[in-house]
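# Prediction below, plus the sequence it came from.
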Amino acid sequence: MNVGPPTLLLYQTPVTYVVGQAITPNNPVSTGGAISTYGVSPALPANLALNTTTGVITGTPAAAQAQAGYVVTGSNAAGSVTRTVQITITSSLQPPSSLSYSTPNPNYPSGYAIT
């Protein structure tokens, strides 16, 4: 049986993960010939892994990092295809996303104490 080369490899990208929280598995989608092995370069961040048979990225990130690109290669006997996955890992400590006051536009006279 003749297998054609894979022609397209897709992942959810860019993705942002949080230190200490298990990620939602990032499953690949491919077209063309079936992919038999996967690899990634450079190595994924600490505690994230690429399953070399299925191509699924899983894990729980260990440290924050700025966005970086990881080239995943899917191969079979007839050829290969690549996709760059952009990954950002944020600290589990996040700044507040919203701040509001009970009086949105206060008018305070100078020289008087306010509550």
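Now that the structure is in, tell me what you want to look at.

# Quick one: neighbours of residue 17, just the number.
For residue 17, the number of neighbouring residues by other Cβ atoms under 10 Å comes to 23. Where C-beta positions appear, they are placed from N, C-alpha and C, glycine not excepted.

# Identify the residues contacting it.
Under the criterion of Cβ atoms under 8 Å, 6 or more residues apart in numbering, the contact partners of residue 17 comprise 23, 48, 61, 87-90.

# Using just helix, strand and coil, how would you label it?
At residue 17 the chain is in strand, as set by DSSP: H, G, I helix; E, B strand; the rest coil.

# Return the residues in contact with the residue positioned nearest the centre of the chain.
When the chain is reduced to its mean C-alpha position, the nearest residue by Cα atoms, centre = their mean turns out to be residue 15, at 2.9 Å. Neighbour list for residue 15: 23, 26, 85-88 [criterion: Cβ under 8 Å, 6+ apart].
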